[in-house]
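> Got a predicted model here, sequence first, then my questions.
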Amino acid sequence: MAVTLEAKKRSEFRHSSLTKIRHEGNIPAVVYGQKVESTPIYLSESDFIKTIKEVGRNGVFSLNVDGKKHEVMLTEYQTNSLRNNIVHVDFLAVDMSKEITAEVRVNLVGDAQGVKDGGVMQQSLHEVSVTATPNEIPSSVDVEVTDLQVNETITVADLKTSRSYSLNHDAEEVIASILPPKQEEEINSGEQQEEGTPEQEEGRETESE
């Protein structure tokens, strides 16, 4: 591949070792998948960011781990919002000839006529699941909404997709719709009432690397 990201194997797993890696401007990571046992690694945070900007969120690139190269995709990353840095990354080693499934961002494109007329855009689906060979996974799926009117809806069936990948969704699943202003106010009012109900406050759970 044209783009190569350098990485090294990790042999220390204590918290102090991970802290040291991060303080030196690196990211703890793991690579797993096609013909690769799960391998703890670390790599430069700045090089990682540069690579993802170049190939895209779902792009394929070469990961060179101590001289051994793997074609990989980024599957997951964790950030520290307080320090504004990346704290862990997962890479999936792929076979370029075999299909995989990935989550792809949905972009609404255009200024909807219904919004200009006072309606409120409601996006129900922010990501779609697609299946394709690694090189055919799109970086995003664009949805044209310019002509969308108040009370109209765009569903998965309306997407103009490439034949190079398939969508793993019900055709009738709603992507976006435009609500009349009054209906939007009613929805917001209902949400506020639910948040104030004691029964809704009980039993909440929270869930982390």
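Yep, it's here. What you see is a predicted model; the values in this text were computed from it and never measured.
> Kindly indicate whether N135 is helix, strand or coil.
helix (DSSP: H, G, I helix; E, B strand; the rest coil).
> just checking, it touches V60?
Yes: counting by Cβ atoms under 8 Å, N135 touches V60, with 6.0 Å between them. Bear in mind the C-beta positions are built from the backbone N, C-alpha and C, glycine included.
> Residues in contact with both of those two, list them for me.
Common neighbours of N135 and V60 are listed as M96 (criterion: Cβ atoms under 8 Å, 6 or more residues apart in numbering).
> higher neighbour count, the two?
Legend: neighbour count by other Cβ atoms under 10 Å for N135 and V60, higher for V60 (19 against 13).
> is it true that the more buried one touches P134?
Yes: judged on Cβ under 8 Å, V60 makes contact with P134 at a distance of 4.7 Å.
> got any ranges where this structure has weak pLDDT?
Judged by pLDDT under 70, the chain has its weakly predicted residues at 1, 183-209.
> That one: helices as residue ranges?
In the chain, the helices defined using DSSP state H lie at 15-23, 45-55, 113-116, 181-195, 198-201.
> Buried residues, the first one. List them.
Residues of helix 15-23 classed as buried: L18, I21, R22 (neighbour count, 16 or more other Cβ atoms under 10 Å).
> Reformat these as CSV; add distance to S177.
Compiled in CSV, the buried residues of helix 15-23 are given as follows (distance: Cβ to Cβ, whole Å):
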residue, distance to S177
L18, 44
I21, 46
R22, 43
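> Which member of those is positioned nearest D95?
Closest approach to D95 among the buried residues of helix 15-23 (Cβ to Cβ): I21, at 29.6 Å.
> Apart from its neighbours in sequence, what residue is nearest that closest one?
Closest residue to I21 apart from its sequence neighbours, by Cβ to Cβ, 6 or more residues apart in numbering: Y42 at 5.0 Å.
> Let me know how buried that neighbour is, in neighbour terms.
Using other Cβ under 10 Å: Y42 sits among 22 other residues.
> any idea how far the lengthiest strand in the chain is from the chain center?
The strand spanning the most residues in the chain, taking DSSP state E as the definition, is strand 68-80. Taking Cα atoms, centre = their mean, to the nearest Å, the mean C-alpha location of strand 68-80 is offset from the chain mean by 12 Å.
> quick one: that strand to helix 45-55, angle?
Here strand 68-80 runs at an angle of 100 degrees relative to helix 45-55 (axes from the mean of the first three to the mean of the last three Cα atoms, to 10 degrees).
> Buried residues of strand 68-80, list them for me.
Those would be H70, E71, V72, M73, L74, T75, Y77, for strand 68-80 by 16+ other Cβ under 10 Å.
> Check stretch 117-134 too.
By neighbour count with 16+ other Cβ under 10 Å, stretch 117-134 contains the buried residues G119, V120, M121, L125, V128, V130, A132, T133, P134.
> follow-up on the earlier one: which two in the buried residues of strand 68-80 are spaced the farthest apart?
Pairwise distances across the buried residues of strand 68-80 peak at 18.4 Å for E71 and Y77 (criterion: Cβ to Cβ).
> Outline the domain layout of the chain.
4-93, 100-197 (automatic domain parsing).
> And the first one, end to end?
Terminal residues of domain 4-93 are spaced 13 Å apart (Cα to Cα, to the nearest Å).
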